[in-house]
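**Student:** Provided below for reference: sequence and predicted model.
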Amino acid sequence: QERLVESGGGLVQAGGSLRLSCAASERTFSRYDLGWFRQVPGKEREFIAVINWTGGRTTYADSVKGRFTISRDSTKNMVHLQMNSLKPEDTAVYYCAADWPGGTIMSINPAEYDYWGQGTQVTVSS
């Protein structure tokens, strides 16, 4: 069972920034596509961003494009989500997840991800 551990959530005012981090094992980090999702109570888990296992390709949800940046740190086996210009509607629990690469197209479907972190709360006040 691979383990993912998120950190960096918290309370921030609208317009502010937060950086989420996800620590993974070396095996997971080096072989899996790594994504970020978020979920609010009563709604389905929503895709935010994904970076492929080599770090060379990224995909973003339209709702965060231009505001959020996903990146990988190979020296620490971590994936980060830099969130700028935060809005109250960004409030959610954010999850890191790992998906075994199935080809050149990275998945945005949470059902296809193999491993999940425990989540970290992000709250954006207006």
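**Tutor:** Cool, got the structure.

**Student:** Just checking, which helix or strand of the protein averages the lowest pLDDT?
**Tutor:** The weakest-scoring helix or strand in the chain, judged by mean pLDDT, DSSP states H and E, is helix 26-31 (a mean of 86).

**Student:** Other residues contacting that helix?
**Tutor:** 2-4, 34, 53, 72, 74, 77-79, 98, 100-101, 115 (Cβ atoms under 8 Å, 6 or more residues apart in numbering). Where C-beta positions appear, they are placed from N, C-alpha and C, glycine not excepted.

**Student:** Kindly report the same for stretch 66-82.
**Tutor:** 17, 19-26, 28-30, 34, 36, 48-51, 55, 58, 60, 83-86, 94, 96.

**Student:** buried ones in the least confident helix or strand of the chain?
**Tutor:** Along helix 26-31, these residues count as buried under the neighbour rule (16 or more other Cβ atoms under 10 Å): 28, 29.

**Student:** what's the following helix or strand after that helix?
**Tutor:** strand 33-39 (DSSP states H and E).

**Student:** Can you name the next helix or strand after that following strand?
**Tutor:** Next along from strand 33-39, by DSSP H and E: strand 46-51.

**Student:** So which residues make contact with that following strand?
**Tutor:** So strand 46-51 is contacted by 33-39, 57-61, 63-64, 68-72, 79, 81, 92, 94, 99, 106-110 (Cβ under 8 Å, 6+ apart).

**Student:** what residue is smack in the middle of this protein?
**Tutor:** residue 36 (2.0 Å; Cα atoms, centre = their mean).

**Student:** So what sits opposite that one in the bridge?
**Tutor:** With DSSP bridges as the criterion, residue 36 is bridged to residue 49, residue 96.

**Student:** Excluding sequence neighbours, find me the nearest residue to residue 15.
**Tutor:** residue 85 (6.2 Å; Cβ to Cβ, 6 or more residues apart in numbering).

**Student:** Now do that neighbour against residue 92, distance only.
**Tutor:** Going from residue 85 to residue 92 by Cβ to Cβ, to the nearest Å gives 16 Å.
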